[in-house]
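> The following comprises the amino acid sequence and a computationally predicted model.
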Amino acid sequence: MGAADVIPGVSGGTIAFITGIYEELIDSIKSVVAPESLKYLKSFSLLSYLKAINADFLLAVIGGIAISFLSLAKLMQYLLTNHPIFIWSFFFGLILASVWFVAKIIEKWNVSTYLFFITGIILGFAITTITPTETPNDLWFIFICGVVAICAMILPGISGSFILLLMGKYIYMMSALSSFNFPIILVFLLGAAVGILAFSNFLSWLLHHFHAATIAVLAGFMLGSLNKVWPWKVATQTFIDAQGIIRPLIEKNVLPSTYLIENKAEPYLLGAIGFAILGAIIIILFERFFSKPVTKEVDLREKLGL
């Protein structure tokens, strides 16, 4: 999840869906401030509270994300800079295959389910076509950016970093992180904490009350977001990051032949297809050997005996 969230356009929520931990993750986050859990804190029963919020699971996920950010962020940025076609192709195949396996969670498809699926596709595609805009640097807006970005992070399809790009704060936050601007970072993290606790409650409610419709929208969202991870892109506007590297700010998708003409380089078509197939194969292996079965009857509180 951490490696995916480093890349503007790939969501950690997608990875959570692929590995079958998505619903448990949402329910666990929701339980942090749930009355059923907080009652243990009121009675100073810390161990019971940690059990109620599924703390071992949350710590494992958070630890994995943190380690990934520290160890893979620079590698992923290097690969995106030097081998973008292969990296985007890999994630394209990975997400495309994921849509199929996520959609399989829905036991029965009907007209309304297909409508929700199509709605998700339209929403996912529409968000990827929005042009980044100039926004204020005031602390109140940084707080809002934290709220919105963290919600995107746990949604399959669109990453929090891409939402920051749309809100005009991706460069600003990367600069704040590199310069250790603690006031900005802390306000952003505060917004992220508020956002993930509030949104996880809403998303958990949707998953438990409108399971098929919610899964259909999320699967459609993933499919629509493929517009963002199309391998062959041409930058129409760039920016210089904190390391002085020129990176694309706004891009348009092109065919491999057009990419070849505009970049005067090999389109690496066969290699790109190979990496897309590799991404799909990894999803198949995950689904067969590592993923957990996800059903609408799963309730974390019942699982924990609460």
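Structure's in. What do you need?

> From the contact counts, what lies against the helix or strand where Ile122 lies?
Using DSSP states H and E, Ile122 falls within helix 111-128. Packing partners of helix 111-128 (3 or more CB pairs under 8 Å, 6 or more residues apart in numbering; DSSP states H and E): helix 211-224. (Glycine included, C-beta is placed from N, CA and C.)

> pLDDT on the helix it packs on, on average?
Across helix 211-224, pLDDT averages out at 87.

> how about the helix holding Ile122: buried residues?
Thr113, Phe116, Phe117, Thr119, Gly120, Ile121, Leu123, Gly124, Phe125, Ile127, Thr128 (16 or more other CB atoms under 10 Å).

> Just the strands from the stretch 151-300 of the chain, written as ranges.
233-240, 246-253 (DSSP state E, counting those that start in this stretch).

> any idea of the mean pLDDT for the first one?
Strand 233-240 shows an average pLDDT of 72 in the prediction.

> before we move on, what about the last one?
What strand 246-253 shows for mean pLDDT is 70.

> got it, and stretch 146-156?
The model assigns stretch 146-156 a mean pLDDT of 81.

> Alpha carbons of it, in CSV - could you do that?
Taking C-alpha atoms only, stretch 146-156 is exported to CSV below (Å, rounded to 0.1, in the frame of the first residue of the first chain):
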residue,chain,number,x,y,z
GLY,A,146,-5.3,16.2,4.6
VAL,A,147,-9.0,15.3,5.0
VAL,A,148,-9.6,14.8,1.3
ALA,A,149,-6.2,13.1,0.4
ILE,A,150,-6.5,10.4,3.1
CYS,A,151,-10.1,9.6,2.0
ALA,A,152,-8.7,9.1,-1.5
MET,A,153,-5.9,7.0,-0.2
ILE,A,154,-8.3,4.3,1.2
LEU,A,155,-10.5,4.4,-1.8
PRO,A,156,-9.5,1.9,-4.6
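
> Check the offset of that stretch from the chain's centre.
The chain centroid and the centroid of stretch 146-156 are separated by 7 Å under CA atoms, centre = their mean, to the nearest Å.

> give me the low-pLDDT residue ranges for the stretch 51-200 of the chain?
Scanning the stretch 51-200 of the chain for pLDDT under 70 picks out the ranges 70, 73, 77, 132-133, 157-159, 178.

> ok, 90 please
51-54, 61-109, 123-138, 148-182, 185, 192-193, 195-200 (pLDDT under 90).

> quick one: the helices in it?
For the stretch 51-200 of the chain, the helices defined by DSSP state H, counting those that start in this stretch cover 55-82, 84-103, 111-128, 139-153, 160-166, 170-178, 182-209.

> okay if I get those helices as JSON lines plus distance to Glu287?
Output for the helices of the stretch 51-200 of the chain, formatted as JSON lines (distance: least, CB to CB, whole Å):
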{"stretch": "helix 55-82", "distance to Glu287": "19"}
{"stretch": "helix 84-103", "distance to Glu287": "5"}
{"stretch": "helix 111-128", "distance to Glu287": "19"}
{"stretch": "helix 139-153", "distance to Glu287": "23"}
{"stretch": "helix 160-166", "distance to Glu287": "25"}
{"stretch": "helix 170-178", "distance to Glu287": "32"}
{"stretch": "helix 182-209", "distance to Glu287": "20"}
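
> I'd like to know which of these is closest to Ile281.
Closest approach to Ile281 among the helices of the stretch 51-200 of the chain (CB to CB): helix 84-103, 8.2 Å.

> and the direction of the closest one versus that of helix 55-82, what angle?
With axes from the mean of the first three to the mean of the last three CA atoms, to 10 degrees defining the directions, helix 84-103 sits at 140 degrees from helix 55-82.

> So for Ala34, which of the helices of the stretch 51-200 of the chain sits nearest?
helix 182-209 (8.1 Å).

> circling back to that earlier point, do you know which of the helices of the stretch 51-200 of the chain lies nearest Phe286?
In terms of CB to CB, the element of these nearest to Phe286 is helix 84-103, at 8.4 Å.

> packing partners for the closest one?
Counting by 3+ CB pairs under 8 Å, 6+ apart, helix 84-103 packs on helix 12-18, helix 55-82, helix 211-224, helix 269-285.

> can you tell me the average pLDDT over the helix or strand just after the shortest one?
Following the chain from helix 12-18 toward its C-terminal end, the next helix or strand by DSSP H and E is helix 22-31. Within the predicted structure, the mean pLDDT of helix 22-31 is 87.

> mind checking pLDDT for the residue lying farthest from the centre of the chain?
Note on the chain: the largest C-alpha distance from the chain mean falls to Ser43, namely 36.3 Å (CA atoms, centre = their mean). At Ser43, the pLDDT value in this model is 83.

> dump the residue contacts of the closest residue to Leu94 other than its chain neighbours.
Once flanking residues are discounted, Leu94 sits nearest to Gly279: 3.4 Å by CB to CB, 6 or more residues apart in numbering. Applying CB atoms under 8 Å, 6 or more residues apart in numbering, we find Gly279 in contact with Ser89, Phe90, Phe91, Phe92, Gly93, Leu94, Ile95, Leu96, Ala97.
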